[in-house]
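Visitor: fold the following for me, if possible:
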Amino acid sequence: MHPYHPLKGQRFKLVTYRQNWGEDRVYFYNAEGRLSSLPARWTTFPEEDPFVAMAGDRCFFRYEDLIQLVELVEKLRCGSEAGAVKEITP
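Guide: Next up is the predicted model:
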């Protein structure tokens, strides 16, 4: 988990583990007793991602996540350019 995440270092009893919203998530009851969830990769369940282990806390982002971010930015950029008004000179 990111070193500044508010739940870092806290322990919770696992309620369930399943894929939801396109990713593996863990479900637990938070301090207020409400059912909460986090992406499983943000937790110690399942085992640590091999990339994260090899990076030794030197990198907070996985390669796959950065590629997805680039793709999203490109889609947003193309969408905003499609709706932009272009000036022409006669």
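
Visitor: thought K13 was touching Y29?
Guide: Yes: K13 is within contact range of Y29, at 7.2 Å (criterion: C-beta atoms under 8 Å). (C-beta placed from N, C-alpha, C; glycine too.)

Visitor: those two - which one has more neighbours?
Guide: Y29 (13 against 6; other C-beta atoms under 10 Å).

Visitor: specify the beta-bridge partners of the more buried one.
Guide: Going by DSSP bridges, Y29 is paired in beta bridges with L35.

Visitor: CA atoms only: put the longest helix seen in the chain into CSV for me.
Guide: The residue-count maximum for a helix in the chain (DSSP state H) belongs to helix 63-82. Coordinates of the C-alpha atoms in helix 63-82 are reproduced here as CSV (Å, rounded to 0.1, in the frame of the first residue of the first chain):
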residue,chain,number,x,y,z
TYR,A,63,4.5,-1.0,-15.6
GLU,A,64,1.0,-2.3,-16.5
ASP,A,65,-0.7,0.5,-14.5
LEU,A,66,1.4,3.2,-16.2
ILE,A,67,0.5,1.8,-19.7
GLN,A,68,-3.2,1.9,-18.8
LEU,A,69,-2.8,5.5,-17.6
VAL,A,70,-1.1,6.5,-20.9
GLU,A,71,-3.9,4.8,-22.8
LEU,A,72,-6.5,6.7,-20.7
VAL,A,73,-4.8,10.0,-21.2
GLU,A,74,-4.6,9.5,-24.9
LYS,A,75,-8.3,8.6,-25.1
LEU,A,76,-9.2,11.8,-23.1
ARG,A,77,-6.8,13.9,-25.3
CYS,A,78,-8.4,12.6,-28.5
GLY,A,79,-11.9,13.2,-27.1
SER,A,80,-11.2,16.8,-26.2
GLU,A,81,-9.5,17.5,-29.6
ALA,A,82,-12.5,16.0,-31.4
